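Undergrad: Compute the structure for the input listed below.
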Amino acid sequence: MVVVGAARSGVAAAELLAKRGALVTLTESRDSFEGADRLQAAGIHLELGGHRRETLAATDLVVVSPGVPVDQPVFDAARERGVEIIGELELASRWIRGRMLAITGTKGKSTTTTLLGRMLDAAGRRVLVSGNIGVPLSAQVEVSTAETLHVVETSSFQLETTTTFRPWIAVWLNFADDHLDRHPSIESYVSAKARIFANQTADDWALINADDAVVTARSTGARARHVRFALSGRITGGFVVDGEWIVKRTASGAARLVPLAAVELTGRHMLNNVLAATAAASIAGATPQAMTDALRGFRGLEHVMEPAGEVRGVRFVNDSKATNVEAARRSIESFPGGVVAIIGGRFKGGDLRKLREPLSACGRAVVAIGEATPLVRDALSGVVPVVEAASMRDAVERGYEAAAPGGVVLLAPACASFDWFRDYAERGRAFKEEVLRLKNKVRG
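TA: Sure, this is the predicted structure:
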C-alpha cells in the first residue's frame, strides 16, 4: 500500500497501516522530513524527492494526504488500473469503533470542533478531538472504543477523497468562496463540502445552517434527520438565539439551553459557532449545565480573534486563521469602528471587494502585505487609506500609526500565509511578537 505525502496525516496513515500488517511505502516530494527514521524503523519504505507514477500504479491502495491534490497526472496510471485512491480521513474512519461527529464549513471549524469536544467532555462522555484541527484521525484508531465520541474537523481536501465516511452527527457551518487555488471551481469546492452528508442514513443527524443559502440548498438530499440552526432566529423549529439565551424551538415551545452571558468570545460569527456546537452537543445528549460549564472560561483558539495586547489605547487582535475573504469580512464586522486591517499574503481566490462594505462602516485604514499587496490596493483603495508594508514589523508599526488611541489593529489577512510564512500559525506568532516588541519600544 502507498501513502502519498509525509505531513501529519500521511505519517499517521502510514503508521496505522503498518500496525495492521500492511507493506507500506510512503512517498514524499521533499528529500527529507522529520520522523523519517521512526517510520523506517517501523518497516515503512520511503521514496523521497517526488511521487513516482510506477509506484502508485503497482499498489492495491493509495492513501493521499489532504495537502496533495488528487488530480495530478501522477495518479492517472493508478486510476486506469482501478487502484482505489482515498484520503487519510476515509482510511481511519473504516477502523474507528466509536461514533463520529464531524464539522465542516468555510469558517469556524476549529472553534466549533474544540467547543463541541469541551461540551461533551463536561457531560462525562469519552471524547477524542481530531481531524483538520491538527491530530489525524488515524492516530486515534488504536484507542477508539465503542463508547468513544470522535469529534472531527473535516476540510474540503479531506472530504473530497471520502467514499464511505459516515458521521453520526454532521455539521455544515457555512459556505463562501475559498481554496480556489486548489479546487478547479466553486462547484468542486461546494461538492466536496457536501460529502459530509453523503453516506449518512436515517439513523444519523444533519445539522444545517438555515441562514446560509448554499448550505441549505446543498443539504436537501441528505438522508439523515435534518436539524436546523439559525443565528438570525428566522426558523420555527431548531436551535436559535432568543433574547439572552440559546434555545431549542419545538412545536411545544422553546427550551433554554445556554445563557449568552456564558459566552466569552468576540464577534457575532463566533456566536454562530457556539450555536452550532450547542446544537450538536444537545443531540448527543449533553445537558444544558454541561454545555454552559464548557463555555465559561473558553476564550477561543490561538490565532482566532485572539487578543494580542494593547499599546497606548490601541488594541491588537490576531485573526491569522482568517485566510479567506469571508472570514476577514466577519472579523472586521466584529468591531464597531476604528479598525485598521492588515490584509494580504498569498491570494487563494474570492473577491476582495467584498471587504469594501464592512471597511466603509467600521474601518480606519488597511495595511497591505505580501504577494497580494497590488490586489488589496486595487480592491480597497478609495474606501479607506491603503498603506503598504514590507514586513510584519512594518505592518504592525504602520497599523499602530493609523489606528490612533481607541482603534483596533486587526490581522485578518483574507489570504494564505505561504509567501512570508510556513503557515497561518507562524504568521500569527510573528504578529504577536511584533506587538510585544512595539509595546516595549513605546514603554522605553
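Undergrad: what's the burial count for A18?
TA: The number of residues packed near A18 is 18, by other C-beta atoms under 10 Å. Every C-beta, even on glycine, is put in place using the N, C-alpha and C of the backbone.
Undergrad: Show the contacting residues for it.
TA: Counting by C-beta atoms under 8 Å, 6 or more residues apart in numbering, A18 makes contact with 24, 42-44.
Undergrad: What is the neighbour count of S144?
TA: Other residues close to S144 by other C-beta under 10 Å number 18.
Undergrad: Offset the numbering so it begins at 424, please.
TA: Renumbered: residue one is now 424, and that last one reads S567.
Undergrad: ok, it - contacts?
TA: Residues in contact with S567 (C-beta under 8 Å, 6+ apart) are 518-521, 551, 573.
Undergrad: where are the low-confidence patches of the stretch 574-723 of the chain?
TA: The stretch 574-723 of the chain contains residues with pLDDT under 70 at 600-607.
Undergrad: Would you state the strands of it in chain order?
TA: Assignment of strands within the stretch 574-723 of the chain using DSSP state E, counting those that start in this stretch yields the ranges 592-595, 628-632, 648-653, 661-665, 668-673, 676-682.
Undergrad: CSV please, covering the ones you listed and showing distance to R504 and mean neighbour count.
TA: Formatted as CSV, those follow (distance: least, C-beta to C-beta, whole Å; neighbours: other C-beta atoms under 10 Å):
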stretch, distance to R504, mean neighbour count
strand 592-595, 33, 28
strand 628-632, 36, 24
strand 648-653, 40, 20
strand 661-665, 47, 21
strand 668-673, 51, 19
strand 676-682, 52, 15
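Undergrad: re the thing from before, for the contacts of A441, which two are the farthest from each other?
TA: Using C-beta to C-beta, the contacts of A441 reach their maximum pairwise distance at V447 and A465, which is 8.5 Å.
Undergrad: At the geometric centre of the chain, which residue sits there?
TA: Central residue of the chain (C-alpha atoms, centre = their mean): K532, 4.2 Å from the mean position.
Undergrad: give me the number of residues near the closest residue in space to it that isn't next to it in sequence?
TA: With sequence-adjacent residues excluded and distances taken as C-beta to C-beta, 6 or more residues apart in numbering, K532 is closest to E576, at 4.8 Å. E576 has 25 neighbours, counted by other C-beta under 10 Å.
Undergrad: Now do the same contact list for E576.
TA: Contacts for E576 were tallied using C-beta under 8 Å, 6+ apart; they are 525-527, 532-533, 536, 552-556.
Undergrad: from those residues, which single one is nearest I592?
TA: Nearest to I592 among those is A525, at 7.4 Å by C-beta to C-beta.
Undergrad: gap between the closest one and Q581?
TA: For A525, the distance to Q581 (C-beta to C-beta, to the nearest Å) stands at 10 Å.
Undergrad: Then A625?
TA: On the measure of C-beta to C-beta, A625 and Q581 end up 25 Å apart.
Undergrad: more neighbours, those two?
TA: Q581 (28 against 7).
Undergrad: Apart from its neighbours in sequence, what residue is nearest C785?
TA: Leaving aside its chain neighbours, C785 sits nearest to G760 (4.6 Å; criterion: C-beta to C-beta, 6+ apart).
Undergrad: With G830 instead?
TA: Take G830 and drop its neighbours on the chain: the residue closest to it by C-beta to C-beta, 6+ apart is G761, 3.8 Å away.
Undergrad: What pLDDT does the model give the one you found?
TA: Among the per-residue scores, G761 holds a pLDDT of 96.
Undergrad: cool, G458 as well?
TA: Listed pLDDT for G458 reads 89.
Undergrad: and E749, helix, strand or coil?
TA: helix (DSSP: H, G, I helix; E, B strand; the rest coil).
Undergrad: and the nearest residue in space to it that is not next to it in sequence, how far is that from I619?
TA: In space, not counting the residues next to it along the chain, E749 is nearest to A599; the distance is 3.3 Å by C-beta to C-beta, 6+ apart. From A599 across to I619, the span is 16 Å (C-beta to C-beta).
Undergrad: Between these two, tell me which one has more neighbours.
TA: I619 (27 against 19).
Undergrad: Was I right to think that one contacts L582?
TA: Yes: checked against C-beta atoms under 8 Å, the pair I619 and L582 is within contact range at 5.9 Å.
Undergrad: Can you name the two of the contacts of S567 that sit furthest apart?
TA: Spanning the widest gap among these are W518 and L551, at 13.6 Å by C-beta to C-beta.
Undergrad: Compare neighbour counts for the two and give me the winner.
TA: Neighbours per residue (other C-beta under 10 Å) separate W518 from L551, with L551 holding more: 21 against 14.
Undergrad: what residues does the helix or strand encompassing that one touch?
TA: Assessed by DSSP states H and E, L551 sits inside strand 550-554. The contact list for strand 550-554 (C-beta under 8 Å, 6+ apart) reads 512, 521, 525, 536-537, 540, 543-544, 558-560, 562-563, 566-567, 571-578, 581.
Undergrad: tell me the phi and psi of V427?
TA: Phi and psi for V427, reported as degrees, to the nearest 10, are phi -110, psi 120.
Undergrad: Do I have it right that it meets V486?
TA: Yes: counting by C-beta under 8 Å, V427 touches V486, with 7.0 Å between them.
Undergrad: if I look at the two, which residues touch both of them?
TA: Residues within reach of V427 and of V486 at once, by C-beta under 8 Å, 6+ apart, are G433.
Undergrad: At which residues are the helices of the stretch 524-673 of the chain located?
TA: For the stretch 524-673 of the chain, helices defined by DSSP state H, counting those that start in this stretch occupy the ranges 532-545, 579-582, 609-617, 636-641.
Undergrad: quick one: which of the ones you listed is nearest G867?
TA: Nearest of these to G867, taken as C-beta to C-beta: helix 532-545 at 36.3 Å.
Undergrad: How many residues are close by T586?
TA: When counting by other C-beta under 10 Å, one arrives at 14 neighbours for T586.
Undergrad: Neighbour count for V447 and A465, which is higher?
TA: Comparing V447 with A465 by other C-beta under 10 Å, the one with more neighbours is V447, at 25 against 12.
Undergrad: measure the more buried one to R431 for me?
TA: In this view, V447 and R431 are 16 Å apart by C-beta to C-beta.
Undergrad: quick one, what contacts the residue nearest to G830?
TA: Applying C-beta under 8 Å, 6+ apart, we find G761 in contact with 785, 787, 826-827, 829-831.
Undergrad: just checking, what's the longest helix in this protein?
TA: The longest helix of the chain (DSSP state H) is helix 847-866.
Undergrad: Just name whatever secondary elements it is in contact with.
TA: With contacts defined as 3 or more C-beta pairs under 8 Å, 6 or more residues apart in numbering; DSSP states H and E, helix 847-866 has these neighbours: strand 729-734, strand 737-741, helix 815-826, strand 831-834.
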